[in-house]
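Novice: 3D model of this:
(one chain, ligands or ions: 2)
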Amino acid sequence: MAVIPVALAGRGYEVVIEGGLLDRLPQAAAPFLKGYGNGRAVPFVADTNTRRLYAPAMERALAAHNLKAEWFIVEPGEDAKSWRGLEKLTDWLLALGVTRKDHVFALGGGVVGDLVGFACAITKRGCGFVQIPTTLLAQVDSSVGGKTAINTAAGKNLIGAFHQPSLVLIDPLVLATLPPREMRAGYAEVLKYGLLGDAAFFAWLEANGDKVLAREPAALEHAIATSIAMKARIVAEDERETADRRALLNLGHTFGHALEAETGFSQALLHGEAVALGMVLAARYSARRGEISQEDAARATAAIAAAGLPSEIAALGLSRDGAALVEHMRHDKKAEGTTLPFLLLKALGEAYVARDVDLADIAAFLDGELA
Ligand code: NAD
Ligand code: MG
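Specialist: Numbers count the residues shown, from 1 in each chain. Ligands and ions are numbered 1, 2, ... in the order given. Alright, predicted model coming up:
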């Protein structure tokens, strides 16, 4: 078991990581269940998959403490993170009579977590919520840090709020049912932590990544705890991404986002897969600038390929060129005039924000990669 504090004055909380934690929900979340019982059900949000797979165990655990759950269920997929989805969920919360002291429980991946987090940020001007992330991506990334959002016609995650959860409960055993492709996509974000800030963790992943992907409990718990500890530290230093610290978490994301946009945010490329490709590109571009060696760029690429993640954009069969990909980057939330802050590497295990990147040079670099 690992307990990792997220140290934010007045909004601090714990991330608890333990196999079998779901069965101990009433004990693990006791402070946030106090207002329920005596006819008041605990509000839970899940998607149809997480409801089917994990609601029965949670209901049994709650029943043993005379508690009942009430469920709001969404269809799996990004569509739930919409104005319509938000309206339905907030209407449901208001109908239940949720107060600012209450906590809503989010059981699912990043979609459920982001939707619930944003709904709770605005319901009665802010009620509490508990994250119970069930994908590797949500367990190592989206459930911690307080970024919440929905998607709109203009793009992904453009409407949202910073709203921290009160508790994050991570049960790595639920990853047993996660489809392998989703597991690999989450693993890309795990590799990201090694590459951006922890050379020893990156080396550990090179040696033990296969065990993590095979869901061996000890390796998995170590990978999740190390990832969350780094995210918690960075979020505590720079909660709202104003000081170039939290931005480090975007390693691979500027390139990756352009690839997601080019493939229409479709199943062709999951977010984690786009980030994997984005990290390869960031490493190679850093090598092109002479900031890391070609050998180190090859090492980063090899770790990504070894995980079964895509590592060559030429293999995507995109029909357009580097300039078209750069065009997507110009719409980035972080775009500043004609340049864009890029997350590059000074070493494997040390990312930094480069502000002198010429987008024309990026387009030329991408043309080479696409060929
Ligand atoms: P997801 O929530 O769509 O889940 C992926 C799929 O896995 C779904 O079909 C889901 O039903 C299924 N699933 C979930 N848990 C399962 C389990 N244990 N067993 C079997 N199937 C399971 O995807 P995701 O990758 O978790 O999250 C992606 C979302 O997270 C995106 O909307 C992204 O914008 C957001 N995100 C947010 C942050 C943040 O800081 N808030 C960070 C990264 C990503
Ligand atoms: Mg990401």
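
Novice: And the pLDDT for Glu75?
Specialist: pLDDT recorded at Glu75 is 98.

Novice: And it, how far from Asn49?
Specialist: 10 Å (CB to CB, to the nearest Å). (C-beta placed from N, C-alpha, C; glycine too.)

Novice: Equivalent analysis for Glu237, please.
Specialist: Glu237 sits 35 Å away from Asn49, going by CB to CB.

Novice: can you give me how far the helix or strand containing Phe44 is from the chain middle?
Specialist: Secondary structure assignment for Phe44, by DSSP states H and E: strand 42-47. On the basis of CA atoms, centre = their mean, to the nearest Å, strand 42-47 sits 19 Å off its chain's mean C-alpha point.

Novice: quick one: is that strand near ligand 1?
Specialist: Yes - contact of strand 42-47 with ligand 1 (CB under 6 Å from any ligand atom) involves Asp47.

Novice: ok, Ala203 - contacts?
Specialist: Gly194 (CB atoms under 8 Å, 6 or more residues apart in numbering).

Novice: For the stretch 1-150 of the chain, which residues are neighbours of ligand 1?
Specialist: Close to ligand 1, as judged by CB under 6 Å from any ligand atom, the stretch 1-150 of the chain has residues 47, 49-50, 53, 76, 78, 81, 108-112, 114, 134-135, 137-138, 141-142, 145, 147.

Novice: From these, which land in strands?
Specialist: Among those, the ones falling in strands (DSSP state E) are Asp47, Gly108, Lys147.

Novice: So the second one is in contact with Gln139, correct?
Specialist: If I follow you right, that is Gly108. No - here Gly108 does not reach Gln139: they are 11.3 Å apart, not a contact under CB atoms under 8 Å.

Novice: where do the contact lists of these two overlap?
Specialist: In contact with both Gly108 and Gln139: Pro133, using CB under 8 Å, 6+ apart.

Novice: The one helix or strand Ile224 maps to close to ligand 1?
Specialist: Ile224 is located in helix 217-237, with elements delineated by DSSP H and E. No - counting by CB under 6 Å from any ligand atom, ligand 1 is not contacted by helix 217-237; separation bottoms out at 8.9 Å.

Novice: who does the following helix or strand past that helix touch, helix- and strand-wise?
Specialist: Using DSSP H and E, the helix or strand that directly follows helix 217-237 along the chain is helix 253-262. Using 3 or more CB pairs under 8 Å, 6 or more residues apart in numbering; DSSP states H and E, the elements in contact with helix 253-262 are helix 271-288, helix 322-329, strand 342-347.

Novice: what separates the second one from the chain centre, distance-wise?
Specialist: It stands for helix 322-329. 24 Å.

Novice: Now the phi/psi pair for the residue nearest to Gly109 when sequence neighbours are not counted, please.
Specialist: Setting aside the residues directly before and after it, Gly109 is nearest to Thr135 in space (CB to CB, 6 or more residues apart in numbering), at 3.7 Å. With angles defined as degrees, to the nearest 10, Thr135 sits at phi -110, psi 160.
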